[in-house]
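Chemist: please find the sequence and the predicted model below.
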Amino acid sequence: MTGTTFPWLKGHGTENDFVILPDPDGTIHGELDAAVVRFLCDRHAGLGADGVLRVLKGTSQRYVEDGGDWFMDYRNADGSIAEMCGNGVRVFVRYLADAGLIDDKPVRVGTRAGVKEVVQNDDGTVTVDMGEPTLPGPDSIVVQASGHEWPALHVDMGNPHAVAFIDDLSEPGNLCDQPSWSPQEAFPHGVNLEFVVRRGPYDVDMRVHERGSGETRSCGTGTCAVTVAAAQQAGQALPVTYRVGVPGGEVTVTWRADNHLELTGPAVLHARGEFDRAWLNGNSDAL
């Protein structure tokens, strides 16, 4: 990291919140040290967030072959790298539009889970083509939390999810603690765990423990995984559209006839400022 200060913004999608670091040419933050990410996301010593969205030009990034028009370098709150974030990519595009870096046309955003096409809607929401889900198996996954256990479906949205249907959203208890799963080898790099209650034929509510962040107010890829699991459970034919309620609001997910999932929801920017690199000295873990 170079320079004495750097700009930042805060934004959220259904209260899944992020620190945004504009770094178009990849020269401000270098390799973006994991300890710095942890410090920025700390809700007491830093700025506070579920993750960091680093904004890179698609041509400047070096992490995947196709960086799209812009590349979203996403880091979880614990500093680990994540493949994709459905709420984050909407906030990412809201920043690009607010900064005058894109027009009203669809924008191709590169992620470690591939390029996602994103559209800004007239009502202020943002729609993301999240791509195709896969159901890797095994069929016998069980998740455990707060003394309970449930069967779960493995849905991959470019990142791994285990979706469990439950009777009451209070049953998993404190999801800041990592729930467990078996077989352990099903998710060697960890997993996002969704706990879901069906409210109607095309209506569900959920809570989520996000890998690397703990319980969050929402998870965009998670709402897509839940839609897939709910439609599979009900034997519903495509296309199908679900309302998915999360603690931070609600989104709409459409599983299209071409097997792609579209995620539509809000994206809000609510703060900006300058961070003095000297303040990092106040956190020894970030040195």
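Modeler: Alright, I've got the coordinates.

Chemist: the residue nearest to Thr59 when sequence neighbours are not counted: what's it in contact with?
Modeler: Nearest residue to Thr59 in three dimensions, chain neighbours excluded: Gly67, at 6.7 Å (C-beta to C-beta, 6 or more residues apart in numbering). Bear in mind the C-beta positions are built from the backbone N, C-alpha and C, glycine included. With C-beta atoms under 8 Å, 6 or more residues apart in numbering as the criterion, the residues that contact Gly67 are 56-61, 110.

Chemist: can you give me phi and psi for Val91?
Modeler: Torsion angles at Val91 (phi, psi; degrees, to the nearest 10) stand at phi -60, psi -40.

Chemist: that one: neighbour count?
Modeler: Counted by other C-beta atoms under 10 Å, the residues lying close to Val91 total 27.

Chemist: Gln178 versus the residue lying closest to it once chain neighbours are set aside, what's the distance?
Modeler: Of all residues not flanking Val91 in the chain, Gly11 sits nearest, at 4.0 Å (C-beta to C-beta, 6+ apart). Using C-beta to C-beta, to the nearest Å, we find Gly11 at a distance of 26 Å from Gln178.

Chemist: and the helices in the stretch 51-200 of the chain?
Modeler: Assigned by DSSP state H, counting those that start in this stretch, the stretch 51-200 of the chain shows helices spanning 86-98.

Chemist: now for whichever helix or strand Arg207 is part of, which elements pack on it?
Modeler: Per DSSP states H and E: Arg207 is located in strand 203-210. Packing partners of strand 203-210 (3 or more C-beta pairs under 8 Å, 6 or more residues apart in numbering; DSSP states H and E): strand 192-200, strand 214-216, helix 220-234, strand 240-246.

Chemist: how about the third one: buried residues?
Modeler: When burial is assessed from 16 or more other C-beta atoms under 10 Å, helix 220-234 yields the following buried residues: 220-231.

Chemist: about what we covered before: out of Gly11 and Gln178, name the residue with the larger neighbour count.
Modeler: Set Gly11 next to Gln178 and count neighbours by other C-beta under 10 Å: Gly11 wins out with 25 against 13.

Chemist: right, and Gly68 touches Ala113 too?
Modeler: No: counting by C-beta atoms under 8 Å, Gly68 does not reach Ala113; the two are 11.6 Å apart.
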